[in-house]
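Student: Build me a structure from this.
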Amino acid sequence: MHFSISLRILGILLMLFSLTLLVPLLMAVYLDDKTITGFTSALGITFLSGFALWLPTRRSRQELRTRDGFLVTTLFWTVLGLFGALPFALHAGVDLDATDAIFESISGLTTTGATVITGIDDLPRSLLFYRQQLQWLGGIGIIVVAMAVLPMLGVGGMQLYQAETPGPSKDSKLTPRITETAKALFTIYVLLTVFCGLAYWAAGMSGFDAICHAFSTVAIGGFSTHDASIGYYDSPAITLVCCLFMYVAAINFGLHFTAWRRRGLGAYFKDSETVFFTSVLGIAIAITCAVLLGTDSFDTGQGLLNGLFQAISITTTTGFSTSDYAQWPNFLPLMLLVFAFMGGCAGSTGGGIKAMRLMLISKQGVRELKQLVHPSAVIPLKVGRRRVEAKVVSAVWSFLAVYLVAFVILMIAIVATGLDFETAFSAVAAALNNLGPGLGDVTYHYGDINEVAKWLLCGAMLLGRLEVFTVLVLFTPTFWRP
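Tutor: You can find the predicted model right below:
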(Lines give C-alpha, C1' and ligand atoms only; values in the text may rest on other atoms or scores of the structure.)
Protein backbone atom coordinates (compact mmCIF):
# COMPACT_ATOMS: atom_id res chain seq x y z
CA MET A 1 0.00 0.00 0.00
CA HIS A 2 1.24 3.45 -0.93
CA PHE A 3 -0.47 5.72 1.59
CA SER A 4 1.44 8.80 0.50
CA ILE A 5 0.28 8.56 -3.10
CA SER A 6 -3.27 7.82 -1.92
CA LEU A 7 -3.28 10.95 0.26
CA ARG A 8 -1.81 12.97 -2.61
CA ILE A 9 -4.57 11.89 -4.99
CA LEU A 10 -7.21 12.49 -2.32
CA GLY A 11 -5.87 16.00 -1.81
CA ILE A 12 -5.91 16.74 -5.54
CA LEU A 13 -9.47 15.45 -5.91
CA LEU A 14 -10.68 17.49 -2.94
CA MET A 15 -9.15 20.65 -4.42
CA LEU A 16 -10.81 19.87 -7.75
CA PHE A 17 -14.16 19.35 -6.03
CA SER A 18 -13.84 22.66 -4.21
CA LEU A 19 -13.70 24.40 -7.58
CA THR A 20 -17.15 23.04 -8.48
CA LEU A 21 -18.53 25.23 -5.68
CA LEU A 22 -17.65 28.29 -7.73
CA VAL A 23 -20.76 27.89 -9.91
CA PRO A 24 -23.35 28.00 -7.08
CA LEU A 25 -21.23 30.67 -5.36
CA LEU A 26 -21.37 32.92 -8.42
CA MET A 27 -25.09 32.26 -8.65
CA ALA A 28 -25.47 33.22 -4.98
CA VAL A 29 -23.57 36.48 -5.62
CA TYR A 30 -25.69 37.30 -8.66
CA LEU A 31 -28.99 36.51 -6.94
CA ASP A 32 -27.91 37.78 -3.50
CA ASP A 33 -29.80 34.92 -1.88
CA LYS A 34 -27.90 34.88 1.45
CA THR A 35 -25.88 31.72 0.79
CA ILE A 36 -22.65 33.53 -0.18
CA THR A 37 -21.00 33.03 3.22
CA GLY A 38 -21.87 29.35 3.31
CA PHE A 39 -20.47 28.61 -0.15
CA THR A 40 -17.37 30.76 0.40
CA SER A 41 -16.60 29.00 3.68
CA ALA A 42 -17.26 25.56 2.20
CA LEU A 43 -15.00 26.29 -0.78
CA GLY A 44 -12.20 27.55 1.44
CA ILE A 45 -12.39 24.68 3.93
CA THR A 46 -12.52 22.04 1.18
CA PHE A 47 -9.67 23.53 -0.85
CA LEU A 48 -7.40 24.07 2.17
CA SER A 49 -8.08 20.54 3.45
CA GLY A 50 -7.17 19.12 0.05
CA PHE A 51 -4.07 21.33 -0.08
CA ALA A 52 -3.04 20.14 3.40
CA LEU A 53 -3.21 16.51 2.21
CA TRP A 54 -1.37 17.26 -1.04
CA LEU A 55 1.47 19.49 0.21
CA PRO A 56 3.46 16.96 2.30
CA THR A 57 2.95 14.18 -0.28
CA ARG A 58 3.36 16.20 -3.48
CA ARG A 59 6.67 14.50 -4.38
CA SER A 60 5.29 10.95 -4.10
CA ARG A 61 5.63 9.25 -7.47
CA GLN A 62 5.03 5.55 -6.77
CA GLU A 63 2.96 3.54 -9.22
CA LEU A 64 -0.71 3.39 -8.29
CA ARG A 65 -1.78 -0.20 -7.67
CA THR A 66 -5.23 -1.77 -7.77
CA ARG A 67 -5.46 -1.86 -3.98
CA ASP A 68 -4.59 1.83 -3.85
CA GLY A 69 -7.42 2.46 -6.32
CA PHE A 70 -9.95 0.78 -4.04
CA LEU A 71 -8.70 2.75 -1.03
CA VAL A 72 -8.70 6.11 -2.83
CA THR A 73 -12.16 5.53 -4.32
CA THR A 74 -13.77 4.58 -1.01
CA LEU A 75 -11.99 7.32 0.93
CA PHE A 76 -12.84 9.94 -1.64
CA TRP A 77 -16.56 9.20 -1.76
CA THR A 78 -16.67 9.10 2.05
CA VAL A 79 -14.67 12.30 2.52
CA LEU A 80 -16.51 14.04 -0.29
CA GLY A 81 -19.79 13.19 1.40
CA LEU A 82 -18.53 14.98 4.51
CA PHE A 83 -17.20 18.07 2.73
CA GLY A 84 -20.19 18.17 0.39
CA ALA A 85 -22.37 18.65 3.45
CA LEU A 86 -20.77 22.00 4.33
CA PRO A 87 -23.03 24.24 2.17
CA PHE A 88 -26.09 22.62 3.77
CA ALA A 89 -24.72 22.83 7.31
CA LEU A 90 -23.47 26.43 6.95
CA HIS A 91 -26.75 27.84 5.61
CA ALA A 92 -28.97 28.79 8.54
CA GLY A 93 -32.11 28.86 6.43
CA VAL A 94 -32.09 25.08 5.90
CA ASP A 95 -31.83 24.23 9.61
CA LEU A 96 -29.99 20.92 9.19
CA ASP A 97 -27.77 19.40 11.86
CA ALA A 98 -24.53 17.61 10.94
CA THR A 99 -26.19 14.22 10.45
CA ASP A 100 -28.91 15.56 8.16
CA ALA A 101 -26.44 17.66 6.15
CA ILE A 102 -24.16 14.65 5.60
CA PHE A 103 -27.15 12.45 4.73
CA GLU A 104 -28.30 14.97 2.11
CA SER A 105 -24.80 15.27 0.68
CA ILE A 106 -24.16 11.52 0.43
CA SER A 107 -27.62 10.98 -1.00
CA GLY A 108 -26.86 13.53 -3.71
CA LEU A 109 -23.39 12.28 -4.57
CA THR A 110 -24.47 8.64 -4.71
CA THR A 111 -27.46 9.68 -6.87
CA THR A 112 -29.81 8.11 -4.35
CA GLY A 113 -32.19 11.06 -4.14
CA ALA A 114 -33.38 10.43 -0.58
CA THR A 115 -33.86 13.77 1.15
CA VAL A 116 -34.30 15.04 4.70
CA ILE A 117 -35.36 18.50 3.52
CA THR A 118 -38.96 19.68 3.42
CA GLY A 119 -40.04 22.94 1.83
CA ILE A 120 -37.71 22.46 -1.13
CA ASP A 121 -39.66 25.04 -3.16
CA ASP A 122 -38.59 27.73 -0.69
CA LEU A 123 -34.83 27.01 -0.77
CA PRO A 124 -32.48 29.62 -2.27
CA ARG A 125 -31.84 28.94 -5.95
CA SER A 126 -28.09 28.62 -5.46
CA LEU A 127 -28.60 25.86 -2.90
CA LEU A 128 -31.16 24.14 -5.16
CA PHE A 129 -28.63 24.24 -7.98
CA TYR A 130 -25.94 22.84 -5.68
CA ARG A 131 -28.13 19.85 -4.76
CA GLN A 132 -28.68 19.07 -8.43
CA GLN A 133 -25.01 19.59 -9.25
CA LEU A 134 -24.04 17.07 -6.57
CA GLN A 135 -26.10 14.44 -8.33
CA TRP A 136 -24.71 15.33 -11.73
CA LEU A 137 -21.13 14.97 -10.50
CA GLY A 138 -21.93 11.74 -8.70
CA GLY A 139 -23.70 10.27 -11.71
CA ILE A 140 -20.71 9.99 -13.98
CA GLY A 141 -18.39 9.50 -11.05
CA ILE A 142 -16.24 12.48 -10.26
CA ILE A 143 -13.19 10.20 -10.21
CA VAL A 144 -13.75 9.19 -13.82
CA VAL A 145 -14.18 12.84 -14.74
CA ALA A 146 -11.00 13.78 -12.87
CA MET A 147 -8.99 11.18 -14.80
CA ALA A 148 -8.91 13.59 -17.73
CA VAL A 149 -6.88 15.90 -15.46
CA LEU A 150 -4.90 13.56 -13.21
CA PRO A 151 -2.48 12.25 -15.88
CA MET A 152 -1.27 15.80 -16.40
CA LEU A 153 -0.46 15.86 -12.69
CA GLY A 154 1.55 12.65 -12.90
CA VAL A 155 -1.11 10.28 -11.59
CA GLY A 156 -2.23 7.22 -13.56
CA GLY A 157 -5.96 6.59 -13.71
CA MET A 158 -6.64 2.98 -14.72
CA GLN A 159 -6.75 1.68 -11.15
CA LEU A 160 -9.23 4.41 -10.17
CA TYR A 161 -11.37 3.63 -13.23
CA GLN A 162 -11.54 -0.07 -12.36
CA ALA A 163 -12.55 0.73 -8.78
CA GLU A 164 -15.10 3.38 -9.73
CA THR A 165 -16.85 2.16 -12.89
CA PRO A 166 -20.10 0.45 -11.82
CA GLY A 167 -21.14 -3.00 -12.98
CA PRO A 168 -19.49 -5.81 -14.96
CA SER A 169 -18.97 -3.58 -17.99
CA LYS A 170 -18.40 -5.42 -21.25
CA ASP A 171 -15.78 -2.95 -22.47
CA SER A 172 -13.49 -1.76 -19.72
CA LYS A 173 -11.72 0.63 -22.11
CA LEU A 174 -13.61 2.31 -24.92
CA THR A 175 -10.50 3.92 -26.35
CA PRO A 176 -6.81 2.91 -26.15
CA ARG A 177 -5.95 5.33 -23.36
CA ILE A 178 -7.79 5.61 -20.05
CA THR A 179 -7.76 9.42 -20.28
CA GLU A 180 -9.48 9.21 -23.65
CA THR A 181 -11.99 6.80 -22.13
CA ALA A 182 -12.84 9.31 -19.41
CA LYS A 183 -13.18 12.08 -21.98
CA ALA A 184 -15.43 9.92 -24.19
CA LEU A 185 -17.72 9.06 -21.26
CA PHE A 186 -17.78 12.65 -20.10
CA THR A 187 -18.61 13.92 -23.59
CA ILE A 188 -21.55 11.53 -23.90
CA TYR A 189 -22.69 12.52 -20.41
CA VAL A 190 -22.56 16.25 -21.17
CA LEU A 191 -24.33 15.86 -24.51
CA LEU A 192 -27.16 13.86 -22.94
CA THR A 193 -27.48 16.50 -20.23
CA VAL A 194 -27.68 19.29 -22.81
CA PHE A 195 -30.27 17.46 -24.92
CA CYS A 196 -32.31 16.62 -21.83
CA GLY A 197 -32.25 20.23 -20.62
CA LEU A 198 -33.31 21.55 -24.02
CA ALA A 199 -36.12 18.99 -24.20
CA TYR A 200 -37.39 19.99 -20.74
CA TRP A 201 -37.26 23.67 -21.70
CA ALA A 202 -39.13 23.02 -24.95
CA ALA A 203 -41.74 21.03 -23.00
CA GLY A 204 -42.48 23.99 -20.74
CA MET A 205 -39.99 24.09 -17.86
CA SER A 206 -38.24 27.32 -16.95
CA GLY A 207 -34.57 27.51 -17.93
CA PHE A 208 -33.42 27.06 -14.33
CA ASP A 209 -35.66 24.06 -13.69
CA ALA A 210 -34.73 22.52 -17.04
CA ILE A 211 -31.02 22.61 -16.21
CA CYS A 212 -31.53 21.33 -12.67
CA HIS A 213 -33.78 18.45 -13.70
CA ALA A 214 -31.50 17.56 -16.61
CA PHE A 215 -28.69 17.15 -14.06
CA SER A 216 -30.67 14.75 -11.89
CA THR A 217 -32.38 12.91 -14.76
CA VAL A 218 -29.21 11.98 -16.65
CA ALA A 219 -27.54 11.13 -13.33
CA ILE A 220 -30.52 8.85 -12.43
CA GLY A 221 -30.63 10.88 -9.23
CA GLY A 222 -34.17 11.99 -8.48
CA PHE A 223 -33.56 15.29 -6.70
CA SER A 224 -36.01 17.98 -7.79
CA THR A 225 -36.42 21.70 -7.25
CA HIS A 226 -39.95 21.07 -5.98
CA ASP A 227 -41.43 18.98 -3.18
CA ALA A 228 -43.93 17.51 -5.64
CA SER A 229 -41.11 16.42 -7.98
CA ILE A 230 -42.15 16.04 -11.64
CA GLY A 231 -45.79 16.02 -10.52
CA TYR A 232 -45.43 19.74 -9.80
CA TYR A 233 -45.69 20.53 -13.52
CA ASP A 234 -48.76 18.39 -14.28
CA SER A 235 -47.53 18.22 -17.87
CA PRO A 236 -47.72 15.11 -20.09
CA ALA A 237 -44.97 16.54 -22.31
CA ILE A 238 -42.54 17.00 -19.41
CA THR A 239 -43.45 13.56 -18.04
CA LEU A 240 -42.72 11.88 -21.39
CA VAL A 241 -39.41 13.74 -21.79
CA CYS A 242 -38.42 12.54 -18.35
CA CYS A 243 -39.38 8.95 -19.22
CA LEU A 244 -37.23 9.02 -22.35
CA PHE A 245 -34.09 10.35 -20.71
CA MET A 246 -34.41 8.14 -17.61
CA TYR A 247 -34.47 5.15 -19.95
CA VAL A 248 -31.55 6.41 -22.03
CA ALA A 249 -29.43 7.19 -18.95
CA ALA A 250 -30.04 3.67 -17.60
CA ILE A 251 -28.34 2.11 -20.65
CA ASN A 252 -24.61 1.38 -20.75
CA PHE A 253 -22.76 4.61 -21.61
CA GLY A 254 -20.20 2.55 -23.49
CA LEU A 255 -23.02 1.49 -25.78
CA HIS A 256 -23.98 5.14 -26.30
CA PHE A 257 -20.38 5.81 -27.30
CA THR A 258 -20.44 2.90 -29.77
CA ALA A 259 -23.74 4.05 -31.29
CA TRP A 260 -22.41 7.61 -31.57
CA ARG A 261 -19.19 6.48 -33.23
CA ARG A 262 -21.04 4.23 -35.71
CA ARG A 263 -23.76 6.83 -36.34
CA GLY A 264 -26.57 4.30 -35.92
CA LEU A 265 -28.92 2.60 -33.46
CA GLY A 266 -28.05 -0.96 -34.46
CA ALA A 267 -25.76 -1.44 -31.46
CA TYR A 268 -28.70 -1.14 -29.06
CA PHE A 269 -30.77 -3.84 -30.76
CA LYS A 270 -27.79 -6.21 -30.89
CA ASP A 271 -26.83 -5.77 -27.25
CA SER A 272 -28.17 -8.61 -25.09
CA GLU A 273 -28.18 -6.61 -21.86
CA THR A 274 -30.12 -3.70 -23.37
CA VAL A 275 -32.70 -6.09 -24.83
CA PHE A 276 -33.03 -7.86 -21.45
CA PHE A 277 -33.30 -4.57 -19.56
CA THR A 278 -35.91 -3.21 -21.96
CA SER A 279 -37.93 -6.43 -21.73
CA VAL A 280 -37.98 -6.41 -17.92
CA LEU A 281 -38.85 -2.71 -17.92
CA GLY A 282 -41.66 -3.41 -20.38
CA ILE A 283 -43.06 -6.07 -18.05
CA ALA A 284 -42.99 -3.62 -15.12
CA ILE A 285 -44.78 -0.97 -17.19
CA ALA A 286 -47.41 -3.40 -18.47
CA ILE A 287 -48.26 -4.76 -15.00
CA THR A 288 -48.36 -1.30 -13.44
CA CYS A 289 -50.63 0.17 -16.11
CA ALA A 290 -52.90 -2.89 -16.10
CA VAL A 291 -53.43 -2.76 -12.32
CA LEU A 292 -54.02 1.01 -12.28
CA LEU A 293 -56.59 0.75 -15.06
CA GLY A 294 -58.15 -2.44 -13.68
CA THR A 295 -58.73 -0.85 -10.28
CA ASP A 296 -60.00 2.44 -11.74
CA SER A 297 -57.29 4.35 -9.88
CA PHE A 298 -57.03 6.81 -12.80
CA ASP A 299 -58.81 7.44 -16.05
CA THR A 300 -57.27 5.74 -19.08
CA GLY A 301 -54.92 8.54 -20.12
CA GLN A 302 -53.68 9.33 -16.62
CA GLY A 303 -53.40 5.64 -15.75
CA LEU A 304 -51.18 4.91 -18.73
CA LEU A 305 -49.06 8.03 -18.21
CA ASN A 306 -48.57 7.54 -14.46
CA GLY A 307 -47.98 3.82 -14.84
CA LEU A 308 -45.38 4.38 -17.57
CA PHE A 309 -43.59 7.12 -15.67
CA GLN A 310 -43.52 5.54 -12.22
CA ALA A 311 -42.46 2.11 -13.52
CA ILE A 312 -39.52 3.66 -15.39
CA SER A 313 -38.61 5.99 -12.53
CA ILE A 314 -38.53 3.28 -9.85
CA THR A 315 -37.07 0.46 -11.97
CA THR A 316 -34.20 2.65 -13.21
CA THR A 317 -33.67 3.83 -9.57
CA THR A 318 -34.22 7.48 -10.51
CA GLY A 319 -36.88 8.15 -7.90
CA PHE A 320 -38.89 10.97 -9.48
CA SER A 321 -42.64 10.92 -8.88
CA THR A 322 -45.79 12.27 -10.49
CA SER A 323 -48.20 10.89 -7.90
CA ASP A 324 -48.16 9.21 -4.50
CA TYR A 325 -47.28 5.72 -5.73
CA ALA A 326 -47.00 4.44 -2.13
CA GLN A 327 -50.81 4.67 -1.94
CA TRP A 328 -51.40 2.74 -5.15
CA PRO A 329 -53.57 -0.37 -4.87
CA ASN A 330 -52.64 -4.00 -4.23
CA PHE A 331 -49.05 -5.06 -4.61
CA LEU A 332 -47.85 -2.26 -6.91
CA PRO A 333 -45.65 -0.28 -4.44
CA LEU A 334 -43.84 -3.42 -3.30
CA MET A 335 -43.53 -4.78 -6.83
CA LEU A 336 -41.94 -1.57 -8.10
CA LEU A 337 -39.52 -1.61 -5.18
CA VAL A 338 -38.50 -5.16 -6.10
CA PHE A 339 -37.94 -4.16 -9.74
CA ALA A 340 -35.57 -1.46 -8.45
CA PHE A 341 -33.20 -4.22 -7.33
CA MET A 342 -32.36 -4.73 -11.00
CA GLY A 343 -31.69 -1.05 -11.59
CA GLY A 344 -30.00 0.04 -14.81
CA CYS A 345 -27.49 -1.56 -17.16
CA ALA A 346 -23.84 -2.07 -16.33
CA GLY A 347 -21.84 1.06 -17.06
CA SER A 348 -24.86 3.33 -16.65
CA THR A 349 -25.63 5.89 -13.96
CA GLY A 350 -28.38 3.63 -12.55
CA GLY A 351 -28.16 1.82 -9.25
CA GLY A 352 -29.22 -1.68 -8.26
CA ILE A 353 -27.69 -5.06 -9.00
CA LYS A 354 -27.55 -4.23 -12.73
CA ALA A 355 -29.39 -5.91 -15.60
CA MET A 356 -26.24 -7.68 -16.82
CA ARG A 357 -25.89 -9.65 -13.61
CA LEU A 358 -29.55 -10.63 -13.48
CA MET A 359 -29.42 -11.66 -17.13
CA LEU A 360 -26.43 -13.91 -16.47
CA ILE A 361 -28.12 -15.43 -13.43
CA SER A 362 -31.32 -16.12 -15.38
CA LYS A 363 -29.36 -17.67 -18.26
CA GLN A 364 -27.43 -19.80 -15.80
CA GLY A 365 -30.72 -20.97 -14.25
CA VAL A 366 -32.10 -21.99 -17.65
CA ARG A 367 -28.81 -23.73 -18.45
CA GLU A 368 -28.98 -25.75 -15.23
CA LEU A 369 -32.54 -26.86 -16.01
CA LYS A 370 -31.43 -28.04 -19.44
CA GLN A 371 -28.45 -29.82 -17.86
CA LEU A 372 -30.81 -31.76 -15.59
CA VAL A 373 -32.70 -33.07 -18.61
CA HIS A 374 -29.51 -33.79 -20.59
CA PRO A 375 -26.80 -34.59 -17.99
CA SER A 376 -24.17 -35.52 -20.58
CA ALA A 377 -24.69 -32.54 -22.85
CA VAL A 378 -22.18 -29.69 -23.06
CA ILE A 379 -24.30 -26.55 -22.83
CA PRO A 380 -22.22 -23.38 -22.93
CA LEU A 381 -23.47 -20.17 -21.35
CA LYS A 382 -23.50 -17.39 -23.94
CA VAL A 383 -24.33 -13.71 -24.02
CA GLY A 384 -25.01 -12.92 -27.64
CA ARG A 385 -22.35 -14.85 -29.49
CA ARG A 386 -19.79 -14.66 -26.72
CA ARG A 387 -19.22 -17.54 -24.35
CA VAL A 388 -19.23 -16.58 -20.68
CA GLU A 389 -16.49 -18.12 -18.59
CA ALA A 390 -17.37 -19.98 -15.42
CA LYS A 391 -15.36 -17.58 -13.27
CA VAL A 392 -17.53 -14.68 -14.47
CA VAL A 393 -20.73 -16.49 -13.47
CA SER A 394 -19.15 -17.39 -10.14
CA ALA A 395 -18.25 -13.74 -9.55
CA VAL A 396 -21.82 -12.68 -10.33
CA TRP A 397 -23.27 -15.21 -7.90
CA SER A 398 -20.77 -14.07 -5.26
CA PHE A 399 -21.77 -10.46 -5.78
CA LEU A 400 -25.47 -11.31 -5.49
CA ALA A 401 -24.88 -13.30 -2.30
CA VAL A 402 -22.89 -10.50 -0.65
CA TYR A 403 -25.40 -7.91 -1.85
CA LEU A 404 -28.34 -9.76 -0.32
CA VAL A 405 -26.48 -10.52 2.92
CA ALA A 406 -25.59 -6.82 3.24
CA PHE A 407 -29.24 -5.95 2.61
CA VAL A 408 -30.49 -8.34 5.32
CA ILE A 409 -27.91 -7.19 7.89
CA LEU A 410 -28.67 -3.54 7.26
CA MET A 411 -32.42 -4.13 7.42
CA ILE A 412 -32.12 -5.93 10.75
CA ALA A 413 -29.92 -3.12 12.08
CA ILE A 414 -32.47 -0.51 10.97
CA VAL A 415 -35.31 -2.43 12.64
CA ALA A 416 -33.18 -2.55 15.79
CA THR A 417 -33.16 1.26 15.86
CA GLY A 418 -36.94 1.22 16.34
CA LEU A 419 -38.35 1.55 12.83
CA ASP A 420 -41.13 -0.75 11.64
CA PHE A 421 -40.45 -3.53 9.12
CA GLU A 422 -42.04 -1.81 6.12
CA THR A 423 -40.03 1.36 6.68
CA ALA A 424 -36.80 -0.56 7.32
CA PHE A 425 -37.19 -2.85 4.30
CA SER A 426 -38.00 -0.03 1.89
CA ALA A 427 -35.41 2.38 3.33
CA VAL A 428 -32.57 -0.13 2.95
CA ALA A 429 -33.80 -1.16 -0.51
CA ALA A 430 -33.97 2.50 -1.55
CA ALA A 431 -30.53 3.31 -0.11
CA LEU A 432 -28.64 0.22 -1.26
CA ASN A 433 -30.16 0.43 -4.75
CA ASN A 434 -29.60 4.23 -4.84
CA LEU A 435 -33.33 4.73 -5.44
CA GLY A 436 -34.47 7.37 -2.94
CA PRO A 437 -38.18 7.20 -2.06
CA GLY A 438 -39.33 4.31 0.10
CA LEU A 439 -42.50 3.27 1.89
CA GLY A 440 -43.87 3.76 5.38
CA ASP A 441 -42.16 6.57 7.29
CA VAL A 442 -39.76 7.33 4.39
CA THR A 443 -42.35 7.70 1.63
CA TYR A 444 -41.91 11.46 1.32
CA HIS A 445 -38.67 12.23 3.15
CA TYR A 446 -36.20 10.79 5.67
CA GLY A 447 -36.19 13.70 8.08
CA ASP A 448 -38.26 12.02 10.78
CA ILE A 449 -36.26 8.81 11.28
CA ASN A 450 -33.63 8.54 14.03
CA GLU A 451 -29.98 9.51 13.62
CA VAL A 452 -28.57 5.98 13.91
CA ALA A 453 -30.80 4.84 11.05
CA LYS A 454 -29.64 7.80 8.95
CA TRP A 455 -25.97 6.88 9.47
CA LEU A 456 -26.67 3.26 8.58
CA LEU A 457 -28.45 4.38 5.44
CA CYS A 458 -25.50 6.63 4.54
CA GLY A 459 -23.34 3.51 4.66
CA ALA A 460 -25.88 1.64 2.54
CA MET A 461 -25.85 4.41 -0.08
CA LEU A 462 -22.06 4.27 -0.32
CA LEU A 463 -22.13 0.47 -0.52
CA GLY A 464 -24.63 0.62 -3.36
CA ARG A 465 -22.84 3.38 -5.27
CA LEU A 466 -19.49 1.57 -5.09
CA GLU A 467 -21.06 -1.86 -5.73
CA VAL A 468 -20.38 -3.40 -2.31
CA PHE A 469 -17.05 -5.13 -3.00
CA THR A 470 -15.11 -1.88 -3.44
CA VAL A 471 -15.93 -0.99 0.16
CA LEU A 472 -16.03 -4.42 1.81
CA VAL A 473 -12.64 -5.44 0.42
CA LEU A 474 -11.10 -2.82 2.73
CA PHE A 475 -12.30 -4.83 5.73
CA THR A 476 -10.51 -8.04 4.74
CA PRO A 477 -7.12 -8.87 6.34
CA THR A 478 -5.75 -9.86 2.90
CA PHE A 479 -6.17 -6.33 1.60
CA TRP A 480 -3.78 -4.88 4.17
CA ARG A 481 -1.08 -7.55 3.95
CA PRO A 482 2.15 -6.56 2.12
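Student: doesn't K354 make contact with G344?
Tutor: Yes. If you go by C-beta atoms under 8 Å, G344 and K354 touch, sitting 6.8 Å apart. In this view, the C-beta of every residue, glycine as well, is placed from N, C-alpha and C.
Student: In the stretch 201-350 of the chain, mark out all the helices, start to finish.
Tutor: In the stretch 201-350 of the chain, the helices defined using DSSP state H, counting those that start in this stretch lie at 207-218, 236-249, 253-262, 266-270, 272-294, 300-315, 332-339.
Student: which secondary structure elements does the shortest one contact?
Tutor: When contacts are defined as 3 or more C-beta pairs under 8 Å, 6 or more residues apart in numbering; DSSP states H and E, helix 266-270 packs onto helix 253-262.
Student: Flag the shaky bits of the stretch 201-350 of the chain, pLDDT-wise.
Tutor: Scanning the stretch 201-350 of the chain for pLDDT under 70 picks out no residues.
Student: again, only this time at 90
Tutor: 252-267, 270-272, 296-297, 323-327, 329-330, 346-350 (pLDDT under 90).
Student: Next: the stretch 351-482 of the chain.
Tutor: Where the stretch 351-482 of the chain drops to pLDDT under 90, the residues are 351, 356-357, 360, 363-399, 436, 465-482.
Student: Which stretches in it count as strands?
Tutor: 382-383, 386-387 (DSSP state E, counting those that start in this stretch).
Student: Please apply the same query to the stretch 1-150 of the chain.
Tutor: Using DSSP E, counting those that start in this stretch, strands in the stretch 1-150 of the chain do not occur.
Student: in it, which segments are predicted with low confidence?
Tutor: 1-10, 12-13, 32-34, 57-77, 91-96, 118, 139-150.
Student: What ranges does it have for its helices?
Tutor: Going by DSSP H, counting those that start in this stretch, the stretch 1-150 of the chain shows helices at 3-20, 22-31, 36-54, 66-83, 86-89, 98-109, 125-140, 142-146.
Student: Quick one, which of those gets closest to P482.
Tutor: helix 66-83 (10.7 Å; C-beta to C-beta).
Student: Give me the buried positions along the closest one.
Tutor: 67-77, 79-81, 83 (16 or more other C-beta atoms under 10 Å).
Student: which non-adjacent residue is nearest F277?
Tutor: The shortest distance from F277 to any non-neighbouring residue, by C-beta to C-beta, 6 or more residues apart in numbering, is to A355 (3.9 Å).
Student: And T78, by the same measure?
Tutor: Closest residue to T78 apart from its sequence neighbours, by C-beta to C-beta, 6+ apart: L462 at 6.5 Å.
Student: how close does the one you found sit to S426?
Tutor: Applying C-beta to C-beta, to the nearest Å, the value for L462 to S426 is 19 Å.
Student: Give me the phi and psi for the residue most central in space within the chain.
Tutor: In the chain, the residue lying closest to the centroid (C-alpha atoms, centre = their mean) is T111, at 3.8 Å. With angles defined as degrees, to the nearest 10, T111 shows backbone torsions of phi 60, psi 30.
Student: Chain neighbours aside, what residue packs nearest to it?
Tutor: T111's closest residue in space is G221 (C-beta to C-beta, 6+ apart), at 4.2 Å.
Student: same question, M15
Tutor: M15's closest residue in space is G50 (C-beta to C-beta, 6+ apart), at 3.8 Å.
Student: Neighbours of that neighbour, how many?
Tutor: Applying other C-beta atoms under 10 Å, we find 21 residues neighbouring G50.
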